[in-house]
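Trainee: Quick one: sequence and predicted model below, then my questions.
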2 protein chains.
Amino acid sequence: MSNVPLNQAKAELFRTLGHPVRIRVLELLQDGPRPVRELLADIEVESSNLSQQLAVLRRAGLVISSREGSVVRYTLATPDVAQLLLSGRRILASMWTEREDLLAELRDSGEQV
Amino acid sequence: MSNVPLNQAKAELFRTLGHPVRIRVLELLQDGPRPVRELLADIEVESSNLSQQLAVLRRAGLVISSREGSVVRYTLATPDVAQLLLSGRRILASMWTEREDLLAELRDSGEQV
DNA sequence: ACATGACTTGAAGAAGTCTTCAATTACGGT
DNA sequence: ACCGTAATTGAAGACTTCTTCAAGTCATGT
């Protein structure tokens, strides 16, 4: 039940998502394929840096690129990526509200002292 | 609709999951709280290394530790972590089957030539 | 008080990742 | 054939993360 190489693969997948530009790219691609030019317009990053991050996503197999004339279009390799991003948002949200609850508790107990 | 600090937070969350030992720990904690001793028995890793990885998870707010006598017990900060791990598994599965389909296609077209 | 088992911490070198720059490829228009 | 725009690549230096070691804390048994 441990399966070390599987956990290795999972870790690599998560590590691939571990960069704000790559997250943003995947989020934009959720609404359908997009040419690099458009991604570049929506993300504040240098063209060569975006290319580097796209290459990371490509190597990980999360996106697919195809040249169409002078433009390169990127597509999500699987729509399941959306689920993963959603789960991430949800965890952040629940950690945030838990911390907020704690703050409220602290404030309340402070008022009692 | 871009929200750079949010994407930064998401990226940090995913990066925290980007290590096989940390993945394994979270998976074990899905079945309930566990003392370090037990985690150590289930994961092939040095005690000090496990501690380092637990510290990363603690700092990220994904787990909570509490001392009970001479033993330290770890707990998932939120059960939502399970969803995230599941989504990860699912992506890996769908990437795997897509690649398998591709292989089958290649094999078939090879037979036709 | 001391020893022991259960963990954590700090530090150091190796390994990996990030950003940026300059060079390069690929296509379309003239 | 040449230029401009679109995108990728390779390489270098800064920065971060990983593993391991030795040393440290903390509670319990003797």
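Mentor: Structure received. Numbers count the residues shown, from 1 in each chain, chains lettered A, B, ... in the order given.
Trainee: the helices in chain A, which residues?
Mentor: A:4-16, A:20-29, A:36-42, A:47-59, A:81-112 (DSSP state H).
Trainee: quick one: which of the ones you listed is nearest residue A:73?
Mentor: Taking C-beta to C-beta, helix A:36-42 is the member of the helices of chain A nearest to residue A:73, at 7.9 Å. Backbone N, C-alpha and C define where each C-beta goes, glycine included.
Trainee: Who are the packing partners of the closest one?
Mentor: helix A:20-29, helix A:47-59, strand A:71-76 (3 or more C-beta pairs under 8 Å, 6 or more residues apart in numbering or on different chains; DSSP states H and E).
Trainee: switch to 10 Å and redo it
Mentor: helix A:20-29, strand A:34-35, helix A:47-59, strand A:71-76 (3 or more C-beta pairs under 10 Å, 6 or more residues apart in numbering or on different chains; DSSP states H and E).
Trainee: Show the contacting residues for the residue nearest the centre of chain A.
Mentor: The residue lying closest to the centre of chain A (C-alpha atoms, centre = their mean) is residue A:23, at 2.7 Å. Residues counted as contacts of residue A:23 (C-beta atoms under 10 Å, 6 or more residues apart in numbering or on different chains) are A:17, A:53, A:85, A:88, B:6-11, B:13-14.
Trainee: what angle sits between the worst-scoring helix or strand of chain A on mean pLDDT and helix A:4-16?
Mentor: The weakest-scoring helix or strand in chain A, judged by mean pLDDT, DSSP states H and E, is helix A:81-112 (a mean of 80). Helix A:81-112 runs at 80 degrees relative to helix A:4-16, counting by axes from the mean of the first three to the mean of the last three C-alpha atoms, to 10 degrees.
Trainee: buried residues in helix A:81-112?
Mentor: A:81-85, A:87-88, A:91-92, A:95 (16 or more other C-beta atoms under 10 Å in any protein chain shown).
Trainee: For those, give me a markdown table that also has distance to residue A:68.
Mentor: As requested, the buried residues of helix A:81-112 are exported to a markdown table (distance: C-beta to C-beta, whole Å):
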| residue | distance to residue A:68 |
| --- | --- |
| A:81 | 22 |
| A:82 | 24 |
| A:83 | 28 |
| A:84 | 27 |
| A:85 | 26 |
| A:87 | 32 |
| A:88 | 31 |
| A:91 | 37 |
| A:92 | 36 |
| A:95 | 41 |
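Trainee: ok, and of the residues you listed, which contact chain B?
Mentor: A:81-85, A:87-88, A:91-92, A:95 (C-beta under 10 Å from any C-beta of the partner chain).
Trainee: re the thing from before, considering the buried residues of helix A:81-112, which is situated nearest to DNA strand C?
Mentor: residue A:88 (15.7 Å; C-beta to the nearest atom of the strand).
Trainee: which residue packs closest to the closest one, ignoring adjacent ones?
Mentor: Nearest in space to residue A:88, with sequence neighbours left out and distances taken as C-beta to C-beta, 6 or more residues apart in numbering or on different chains, is residue B:10 at 5.1 Å.
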